[in-house]
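Trainee: Only the shape, not the letters, is given here:
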Ligand code: UTP
């Protein structure tokens with residue numbers, strides 16, 4: 001491993017998940033299943049496939065289910081073994097073996113920037129990756145692995161970006177940048193949740209970042225921004241001038257599973273791709289369409 005290799009990743013999971021209430025009243029949003037595995041597993045798998053060796057979860061109260069999920073489940077494993085369910089046993093056991101995981105708690109939910117600040121000791125002066133667990137990207141090549149390549153070539157902050165329709169732009173962090181490669185932009189400015197007429201582009205930052213250790217000083221200097229939270233975007237913004245900042249426009253389909261419509265779309269899209277589920281789901285969706293997608297049509301249809 002050379003000094004420029006990104007081997008550590010931080011996954012903040014301390015947020016309240018209010019957009020998915022009431023489902024998230026008593027369970028972490030990151031544990032809600034997309035088809036049959038929790039959303040967070042897709043993101044951990046992307047990190048592992050991108051060569052990440054250790055992960056820090058920044059957790060909070062009510063998030064213990066995530067720790068249990070990535071632990072062994074001795075009783076369940078015994079039960080599966082006794083019943084001869086070898087494949088399931090293997091799958092369940094492997095979840096606990098995927099990668100070395102650390103945990104730290106963000107005691108007060110002061111925003112994403114503050115959550116990342118909790119990782120200061122873990123990253124210990126190296127550059128590192130951040131993955132948001134409610135941003136799932138379906139891509140042939142893991143997006144983070146492409147971002148790591150961009151980091152090795154440019155040695156700056158790398159932000160994943162995707163194009164978003166103008167009318168939705170005010171929900172996003174947006175970059176203003178100069179295109180310097182097929183998928184790479186040099187970032188000149190970034191703004192959190194701009195009004196559509198003030199947005200500098202339609203390139204929105206999604207939940208994959210490679211950050212340099214100077215981010216911690218910058219977060220420490222950042223005062224609460226939009227929504228009273230310490231925004232990571234604001235901390236990255238104040239690195240301009242001292243760090244080079246790049247945006248990588250990834251190839252792949254993005255699903256924001258932290259809100260209801262994104263969550264539903266991800267479930268349908270991933271289930272349609274599955275050998276064991278896709279055919280029947282496709283038939284069901286086609287049938288719904290034939291009968292009309294209005295409520296009566298849905299009611300009429302019986303298996
Ligand atoms: P979000 O704003 O998407 O998450 O933050 P949230 O606050 O849980 O969701 P809503 O808006 O109430 O529905 C982006 C990421 O940052 C984490 C969240 O867990 C999520 O992964 N986060 C946010 C923290 O870890 N701590 C915070 O104080 C805020």
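Mentor: Done, it's in. As the structure is a computational prediction, the values presented were derived from the model and not from experiment.

Trainee: Not counting its neighbours along the chain, what's nearest the residue in the chain that the ligand sits nearest to?
Mentor: Sorted by distance to the ligand under C-beta to the nearest ligand atom, the residues of the chain start with residue 15, at 2.0 Å. For the C-beta atoms, the positions are set from N, CA and C on the backbone; glycine is no exception. When the adjacent residues along the chain are set aside, residue 15 lies closest to residue 109, with 6.3 Å between them (C-beta to C-beta, 6 or more residues apart in numbering).

Trainee: just residue 138 next, same as before
Mentor: The shortest distance from residue 138 to any non-neighbouring residue, by C-beta to C-beta, 6+ apart, is to residue 253 (4.6 Å).

Trainee: Next up, the contacts around that neighbour.
Mentor: Listed by C-beta atoms under 8 Å, 6 or more residues apart in numbering, the contact set of residue 253 reads 137-139, 269.

Trainee: Narrow those to those that are buried.
Mentor: 137, 139 (16 or more other C-beta atoms under 10 Å).

Trainee: Redo the contacts of residue 253 as CSV? Include pLDDT.
Mentor: Shown next, in CSV, are the contacts of residue 253 (pLDDT from 0 to 100):
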residue, pLDDT
137, 97
138, 96
139, 96
269, 98
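
Trainee: Just the ones of the contacts of residue 253 in helices?
Mentor: Using DSSP state H, the members of those that fall within helices are residue 269.

Trainee: Pull the most distant pair out of the contacts of residue 253.
Mentor: Largest separation among the contacts of residue 253 by C-beta to C-beta: 139 and 269, giving 12.7 Å.

Trainee: Contact residues of the stretch 201-303 of the chain facing the ligand?
Mentor: Contact residues (C-beta under 6 Å from any ligand atom) of the stretch 201-303 of the chain with the ligand: residue 258.

Trainee: Would you map the strands across the stretch 201-303 of the chain?
Mentor: Shown for the stretch 201-303 of the chain, the strands assigned by DSSP state E, counting those that start in this stretch span residues 203-211, 245-249, 253-256.

Trainee: could you dump those to CSV with mean pLDDT?
Mentor: Below are the strands of the stretch 201-303 of the chain laid out as CSV (pLDDT from 0 to 100):
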stretch, mean pLDDT
strand 203-211, 97
strand 245-249, 97
strand 253-256, 96
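
Trainee: Of the ones you listed, which is nearest residue 26?
Mentor: For residue 26, the closest of the strands of the stretch 201-303 of the chain is strand 253-256, at 22.3 Å, according to C-beta to C-beta.
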